[in-house]
Each structure stands twice: as C-alpha cells, then as structure tokens.
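Enquirer: please work out how this folds:
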Amino acid sequence: MAKGKLLIGLDIGTSSIKFCQVREGRRNYQLVNFGLAYLPPETIVDGALIASNTVADALRELFESHRVKGREVAISVSGHSVIIRKISLPPMKAEELRDSIQWEAEQYIPFDLNDVYLDFEILREASPDSNQMDVLLVAAKKDVVNDYLEVIKEVGLTPRVVDVDCFSVQNQFEINYEVPLTETLALINIGASVTNVNIIAGGITMFTRDISPLGGNQYTEELQKHLDVSYDEAETLKAGGDLGADSDAVVPQEVERVMYGVSENVAAEIQRSLDFYSANSAEGPISRIYLSGGTAKVPSLYRIIEQKLGVPVEIINPFKNIEVDGNRFNLEYLREVAPMATVATGLALRRTAER
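Expert: Residues are numbered from 1 along each chain as shown. Model (predicted):
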C-alpha cells in the first residue's frame, strides 16, 4: 500500500490552469474535483511567469469557485528550464549516488549547478550482463521553479512536490493503460507552447525531449496571420467554432488549409525527435503513440502523425480508469477537456510522503 496522502495535482500551463483531485476507492481511484481556467495570452512565455498576479488571481478564483478542500499541491515544469538525461553509471547504492550526484551532474547538465534543483531516479539496476546501471538525472532552473512556488504560496497553497510534465503524463498513463514490457511507446503531450516527448521501452523511460516553441499557439498565430482575425477569433476557429455574424468573412476551407499546414509542421518536428531516438537506440521500433494536451484535439494532427510515422495514434483519456460520478460531474465536459487534464491527473497521483 502506498504511503502518504494524495496531493492536489496543479498544472499551470501556458494557456490555462488545471487542477485535479482524486482519492483511492476499493478498486480504482475516484475523481473528487477537477477544474480549468484559461489564462490571457502572454501571461506565461517560455515557461516564465510574465504576469504572476494574473496567475495568482486565476488560481485563487479557480479553487474558490470549485470549493477545493485541501491545500497541499503537486506541480510540474517543462521547457528550456528543465534538463533530463538518462546516464549509465557503475553500480552503487542510492545513498552513494546521492553523495556523488553533483559531480556526475556536472558532466551532463549545461547549467551552473548552483542555479538548479537536482534530482535522480535509478531506472534499472546493474545486471549480470551489464556492469552499469541506468539513472535518470533531472535538473530544473531554480529561478523558474521559485517563481511558481511563490505564486502558489501567495494564494495559500502548500507545494509538496515539483515534478516534470512528461513524467506526470506517464504517472496517469500507468494507471489508465497497459504498459507492455515487450513494446516501445511514445507519450507525446502537446500543450500551447511546449511539446513533451517521453519514449518508454520495457516499461522504462528511455528518451525524453521538450520541443519549444511547438504547440497550439502556432495554430492561433497562423490563423491570425492568414485570415486577418483577432486572437480570440483565432482561438474560436481553432476549436472548431464559427464567428457568428462575422463568419461569412472566413471561408471554412481556408481555416482547414491553415490548420492542416500547421499540423504538418508539428508532425514533422515530432517525427524528427522520434527518428533521432530510433537512430540512437538499440530498443525495438515505436509501436504506438499516445497524444495528450489541448492540441491533441486538433483532428488533422493525429491523422497526419499516423500517416507520417506509420504507427497507430491514440488520444489519451486520463479518466479512463478513474471512477467518475455522473451525478456530480458533467461527463460530456470531462470528455471534451480530458486531453488537457492529463498532466494535472498525473500530478494528483503524487503523495506527501514521496522523496
């Protein structure tokens, strides 16, 4: 039995804030609370909080409107401020590795180690066939992390865990989907401005990459530029809506053409990352791709990725194995926002007693 109290998962993204709260039931986790609030453009840029007051106000209002019980949260970061490396080291105990990790990290982390928070996880112990163990090394810039922590504390919340987006996606994936030990999967989380790639082989993370800027904002920008519409109008068109009385000025085929062109570019960037992994890995080929993030809902995107890579693509449902009370929650709404809830749901599975 896992120890420690489950935390509230809090995903502060470029375009929106999502929170998720679950509890353990007899058979599965049960959804306790979930909420989403959109942020104005330029509130967060490249992972940096440009308008921290706006984030604090949105966070305070979100928690108050959903009457959230509990103050302890888990958050995550991604993008340029985070470096993840899988390294091989001679076998040693975790305590020994903790003592020597600073020296090891100097060889792999391109930041001054005084400027980062550093952590590690032993992925695979040394075997009789190999005198090396696999270790995942993670570093996050202190100034970026501290900005998020300050905003969270300002609204009366207590941060207990700081995770990384791609691993939060993996957390929820492992309770909602079968993780085959004989296959290689790609978990790809496409947000507004950052795309997180996590490739899992044999149930273990083998490769991660954050691609930035790459995400939903590119669709919005291209729609604004080519169709001469405002930011809000572009967001409406991106989501498949129309502009009401002004819709005659926009030809649906033009919207589709612009969206398809951006999807081609996004898919090509993802393909480059997966090709890089394949060229440098002895593991088997990627057998399936799972998409999450708000941009995963763009219909042309998953189809183009399937065509380009010749691999089945599925959109993640983070509530798949979580019990949801239909009398308390709007099931249609949850289905609509599910891809956006993936990181928050993964964070909601973290506990207070974790290292």
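
Enquirer: contacts and neighbour counts: CA atoms only from here.
Expert: Noted.

Enquirer: how close does the residue nearest the centre of the chain sit to residue 191?
Expert: Closest residue to the average C-alpha location of the chain: residue 165 at 3.7 Å, with CA atoms, centre = their mean. Residue 165 sits 10 Å away from residue 191, going by CA to CA, to the nearest Å.

Enquirer: then residue 114?
Expert: In terms of CA to CA, residue 114 sits 29 Å off from residue 191.

Enquirer: same question for residue 283.
Expert: 28 Å.

Enquirer: between the two, which has more neighbouring residues?
Expert: Comparing residue 283 with residue 191 by other CA atoms under 10 Å, the one with more neighbours is residue 191, at 25 against 15.

Enquirer: now do the helix ranked longest in the chain: distance to the chain's middle.
Expert: Ranked by number of residues, the top helix in the chain under DSSP state H is helix 252-279. Put simply, helix 252-279 sits 19 Å off its chain's centre (CA atoms, centre = their mean, to the nearest Å).

Enquirer: cool, and stretch 219-236?
Expert: Distance, centroid of stretch 219-236 to centroid of chain: 25 Å (CA atoms, centre = their mean).

Enquirer: show me which residues of it are buried.
Expert: Buried residues in stretch 219-236, counting neighbours by 16 or more other CA atoms under 10 Å, are found at 219-224, 227, 229, 231, 233-235.

Enquirer: same check on stretch 87-95?
Expert: Within stretch 87-95, judged by 16+ other CA under 10 Å, the buried ones are 87-88, 91.

Enquirer: and the end-to-end length of it?
Expert: 17 Å.

Enquirer: pLDDT averaged over that stretch - what is it?
Expert: Stretch 87-95 carries an average pLDDT of 83.

Enquirer: can you give me the helices in the stretch 1-150 of the chain?
Expert: 52-65, 94-106, 142-154 (DSSP state H, counting those that start in this stretch).

Enquirer: how about those helices, which one is nearest residue 76?
Expert: helix 142-154 (8.9 Å; CA to CA).

Enquirer: with just CA atoms, put that closest one into PDB.
Expert: Output in PDB follows, covering the C-alpha atoms of helix 142-154 (Å, rounded to 0.1, in the frame of the first residue of the first chain):
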ATOM      1  CA  LYS A 142      15.800  27.500  -9.500                       C
ATOM      2  CA  ASP A 143      14.600  30.900 -10.600                       C
ATOM      3  CA  VAL A 144      11.800  29.500 -12.700                       C
ATOM      4  CA  VAL A 145      10.700  26.900 -10.100                       C
ATOM      5  CA  ASN A 146      10.800  29.500  -7.300                       C
ATOM      6  CA  ASP A 147       8.600  31.900  -9.300                       C
ATOM      7  CA  TYR A 148       5.900  29.200  -9.500                       C
ATOM      8  CA  LEU A 149       6.300  28.300  -5.800                       C
ATOM      9  CA  GLU A 150       5.900  31.900  -4.800                       C
ATOM     10  CA  VAL A 151       2.600  32.300  -6.700                       C
ATOM     11  CA  ILE A 152       1.300  29.100  -5.200                       C
ATOM     12  CA  LYS A 153       2.200  30.100  -1.700                       C
ATOM     13  CA  GLU A 154       0.700  33.600  -2.300                       C
END
